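Trainee: 3D, please:
(one chain, ligands or ions: 2)
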Amino acid sequence: MDNTTALPISIRSLTKKYGDLFALKTVDLEIRSGEFLTLLGPSGSGKTTLLMAIAGFNRPDSGSIFFGDAEMVLTPPHKRDVGMVFQSYALFPHMSVAENVGFPLKLRGIAFAERKARVEEALETVQLSGLGERGIDQLSGGQRQRVALARAFVFRPRILLMDEPLSALDKKLREQMQIELKHIHRQLGVTTVYVTHDQREALTMSDRIAVINHGELAQVDTPEAIYNKPSNEFVADFIGESTMLPLTQDSAGRLTFGESVVASEAPDPSHNDWSLVIRPERLRVLAKDASAGDQHVMFSGTVTEAVFQGDTAFALVKLRGGATLTVRFGTGAVSEGSRLEAGQSVSVGLIREDLILIPRESA
Ligand code: ADP
Ligand code: MG
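Mentor: Residues are numbered from 1 along each chain as shown. Ligands and ions are numbered 1, 2, ... in the order given. This next block holds a predicted model:
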């Protein structure tokens, strides 16, 4: 399918209030033509409100939404040419699969023969070829969601919006559908805004992720940058596992934690208080008396817990400074952590390239 109809979306200073509550607070977001952008945030953070504003189902209090060069805030939903998929499939139960998928084409007055061809093409894309005559009640949850998806893109919308479309499915099917959706997006090339509260799902599927918290964007970046370079405490904490160590600045301007020197200077001299964010899988267990060298920042402590989880294992290491680090490692025969036991003294090292320093927010 061609992607000449894909459009960029430009959201400018968008604000939406419910009573005194800011569901969206001066949100600025540029969504590129053809990209898969995920709105990621906890429940109640404003994801659905933003998606519905793009679709035209709610009216912002101020700000603007452009599809390409056209301002859309006053345009009713049915004139926005947007396909939508919701968590609840919202299919018509009395219609067959093919009738459901063909419905948007019928609404647009497309003749039977073309309708039939396009429905077949859409069903093929979502791997439901041959099931057109089935009733909706004869389908599994995953199949229903594929029908809903086919119905959302069959009329070749310029923009596809999805609000937690996979959250009703069990884990295994959900993970399979994530990859399928990504694949379908690549085939369609349509600008897609996807909503989820599941950080792993967002990392798996997205070209870029917009992290939203209390109606404000906390960071907009690629999955790699969101994970490796979170720009604030909220993002560091919400995406992936992390331990945050509060650092102290010594008289020479170095950032330290206990006896460990983390950095020779603050990343930005205008800010005094910094935290070190540590991802459990970036730590390495080192020989007890290993010297730090220049490559690693070293921490020493005592293993308080060693837990086997199948694909990976983790150990909790209580540092002399009081904080506890989680160290995650593989479980293969040569894994460095597989022989750890509670009570053992260890040194763990963090390679300097993996240092994540973020400004500490005052409580
Ligand atoms: P999310 O989709 O991220 O879970 P929502 O966008 O649904 O969050 O909601 C954002 C905030 O706005 C929440 O605090 C929610 O309670 C509130 N809210 C959403 N819709 C309404 C409404 N129609 N009336 C009043 N408050 C609402
Ligand atoms: Mg929601």
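
Trainee: Direction included, what does the helix or strand bottoming out on mean pLDDT in the chain pair against?
Mentor: Ranked by mean pLDDT, DSSP states H and E, the weakest helix or strand in the chain is strand 283-286, scoring a mean of 87. Strands adjacent to strand 283-286 in the sheet, as given by DSSP bridges, are strand 345-351 (antiparallel).

Trainee: what does the partner strand contact?
Mentor: Here strand 345-351 makes contact (Cβ atoms under 8 Å, 6 or more residues apart in numbering) with 278, 282-290, 292, 295-303, 315, 317, 325, 327, 340. (Each C-beta comes from the backbone N, C-alpha and C, glycine too.)

Trainee: on that earlier part again, send me the least confident helix or strand of the chain as CSV with only the CA atoms.
Mentor: The C-alpha trace of strand 283-286 is given here as CSV (Å, rounded to 0.1, in the frame of the first residue of the first chain):
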residue,chain,number,x,y,z
LEU,A,283,26.3,-3.8,36.6
ARG,A,284,29.0,-6.4,36.7
VAL,A,285,30.1,-8.5,39.6
LEU,A,286,33.8,-8.2,39.9
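
Trainee: Can you point out the buried residues in it?
Mentor: Within strand 283-286, the residues that qualify as buried are Leu283, Arg284, Val285, Leu286, counting by 16 or more other Cβ atoms under 10 Å.

Trainee: Is the second one bridged to anything, and to what?
Mentor: Partner residues in beta bridges with Arg284, using DSSP bridges, are Gly349.

Trainee: In the stretch 251-363 of the chain, which residue sits closest to ligand 1?
Mentor: Of all residues in the stretch 251-363 of the chain, Glu361 sits closest to ligand 1, at 21.5 Å by Cβ to the nearest ligand atom.

Trainee: Nearest spatial neighbour of that residue, chain-adjacent residues omitted?
Mentor: Glu233 (5.5 Å; Cβ to Cβ, 6 or more residues apart in numbering).

Trainee: hang on, that neighbour packs against Ser275?
Mentor: Yes: judged on Cβ atoms under 8 Å, Glu233 makes contact with Ser275 at a distance of 7.0 Å.

Trainee: If any of the contacts of strand 345-351 are buried, put those into a ChimeraX selection.
Mentor: The ChimeraX command for the buried members of the contacts of strand 345-351 (criterion: 16+ other Cβ under 10 Å) is given here:
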select :278,282,283,284,285,286,290,296,297,298,299,300,301,303,315,317,325,327,340
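
Trainee: In strands, which of the contacts of strand 345-351 fall?
Mentor: Mapping the contacts of strand 345-351 onto strands (DSSP state E) picks out 278, 283-286, 296-303, 315, 317, 325, 327.

Trainee: how about the residue nearest the centre of the chain, what does it touch?
Mentor: With distances taken as Cα atoms, centre = their mean, the residue of the chain nearest its centroid is Ala202 (2.4 Å). Contact analysis of Ala202 by Cβ under 8 Å, 6+ apart lists Thr38, Leu40, Tyr194, Thr196, Ile209, Pro223, Ile239.

Trainee: Could you list everything Ser10 pairs with in the sheet?
Mentor: Glu30, Phe66.

Trainee: so what's it up against?
Mentor: Neighbours of Ser10 in contact, by Cβ under 8 Å, 6+ apart: Leu29, Glu30, Ile31, Ser64, Ile65, Phe66.

Trainee: Filter those down to the buried ones, ChimeraX style.
Mentor: Remark: buried members of the contacts of Ser10, expressed as a ChimeraX selection using 16+ other Cβ under 10 Å:
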select :29,31,65,66
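
Trainee: contacts for stretch 221-235?
Mentor: Contacts for stretch 221-235 (Cβ under 8 Å, 6+ apart): 202-204, 206-209, 211, 213, 218-219, 236, 239-240, 244, 275, 277, 279, 356, 358-361.

Trainee: Of those residues, keep whichever come out buried.
Mentor: Applying 16+ other Cβ under 10 Å to these flags 202-204, 206-209, 211, 213, 218-219, 236, 239-240, 244, 275, 277, 279, 356, 358-360 as buried.
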